[in-house]
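Trainee: Below is the sequence, then the predicted model.
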Amino acid sequence: MNDCVFCRIIDGSIPSEMLYSDEQVVGILDINPIHHGHALVIPRCHCRDFLELPEAHYTSVLKGAKYITEALKQEFGLEGYNLFSNNGRIAGQSVFHFHLHVTPRFANDNIQFVLNLKSYTGTEMADLGRRLRKRIAESEHPADHR
C-alpha cells in the first residue's frame, strides 16, 4: 500500500532505524518515542488492526517484541516496560497498519494510564461471560472454552 507509512518503511522507501527483521515482521525505533528506545514491531503484511493480523504472524510479532524488550532491558537496566497496541481511532491508533509498541519504563517517568475502573453488580459478570463464551464458540476459530 503506497499510502501506508509502515508499508513504505518495510519496502525501504522511507528510512528507519531497524532493530529486528525476520520473514514476517520488522522492529524499528519509533520516530516519536515516549522514551528513547520506544520501538514498534510491525508485520510485513499490511493489516489494519489486530483482528486483521494473520494468525501465522502472532508468534513472529511476540518473538520480535521479546528480542527488542530483552535488548532494551540490557541497554537501560530497565525495571519495567509496556507492550501495547492501539486498535481503532478511538483507541489512539494513528497509523492504520497493526503494530505493537515496546516502551521502556523508568522510575518517576510521569507516564500514567489514567483508569476509571468499573465494577459488575449482581449477575452482570456471569451473564456477560456466558454471552461472550457463546460468541467465541460460534466464531470461525473456536477453542476449548472450559
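Mentor: Structure received.

Trainee: ok, and the closest non-adjacent residue to Pro54?
Mentor: Spatial nearest neighbour of Pro54, chain neighbours left out: Cys45 (6.5 Å); criterion: CB to CB, 6 or more residues apart in numbering. For every residue, glycine as well, the C-beta is placed using N, CA and C.

Trainee: how close does the one you found get to Leu53?
Mentor: Plainly put, Cys45 is 8 Å away from Leu53 if you go by CB to CB, to the nearest Å.

Trainee: now do Gly77
Mentor: 32 Å.

Trainee: of the two, who's got more company?
Mentor: More crowded of Gly77 and Leu53, by other CB atoms under 10 Å: Leu53, with 19 against 9.

Trainee: got a list of what that one touches?
Mentor: Pro43, Cys47, Val61, Phe98 (CB atoms under 8 Å, 6 or more residues apart in numbering).

Trainee: With Ile34 instead?
Mentor: Per CB under 8 Å, 6+ apart, neighbours of Ile34: Thr103, Ile111.

Trainee: Ok, Pro104 next?
Mentor: Contacts of Pro104 by CB under 8 Å, 6+ apart are His35, His36, Gly37, His38, Leu72, Phe76, Leu78, Tyr81.

Trainee: what residue ranges in this structure are flagged as low confidence?
Mentor: Within the chain, the segments meeting pLDDT under 70 span 1, 140-146.
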